[in-house]
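*Asks:* Sequence plus predicted model, see below.
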Amino acid sequence: MESFETRISRLEYYQRLLFQLLDEDKIRFYKLIVESNLQEWEVDDLFKTCELLSKEYKKQKAEGLVIFTPLLTQFINLLHPNLKVEKTVEALLKQGLYIPLMTEFDSLLKKSK
């Protein structure tokens, strides 16, 4: 019988092959999650954070605020340590998730370079 390590190694190889078959833009964030070795609950936490920040962004924008750096700072502070902020924002944008918020974050990140 095959060892668990051998079976897991083969599954990881198959997973890499499957990613190559898919449209990169449509799965960019999910690919980042897999590459970063995140657990399901960690991804759920990230989605909850994005939901909360998206609501706050819409609220602040409706109130006429134009500076959203504190929201980006909050996002960075809550981001899992395995995720880089620039790559995460880009991946979420490419996959079409939280577009208004991520567009704002992307703009802020580009201005800070």
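*Replies:* All right, it came through fine.

*Asks:* buried ones in the lengthiest helix in the chain?
*Replies:* Among the elements of type helix in the chain, defined by DSSP state H, the one spanning the most residues is helix 40-62. Using 16 or more other Cβ atoms under 10 Å as the test for burial, helix 40-62 gives 46, 49-50, 53-54, 57. The C-beta positions use only the backbone N, C-alpha and C, and glycine is treated the same way.

*Asks:* Out of those residues, which two sit at the greatest distance?
*Replies:* Between all members of the buried residues of helix 40-62, the longest pairwise span (Cβ to Cβ) is found for Leu46 and Tyr57 and amounts to 15.8 Å.

*Asks:* Please list all residues in contact with the residue most central in space within the chain.
*Replies:* When the chain is reduced to its mean C-alpha position, the nearest residue by Cα atoms, centre = their mean turns out to be Thr88, at 3.9 Å. Residues near Thr88 by Cβ atoms under 8 Å, 6 or more residues apart in numbering: 29, 32, 79.
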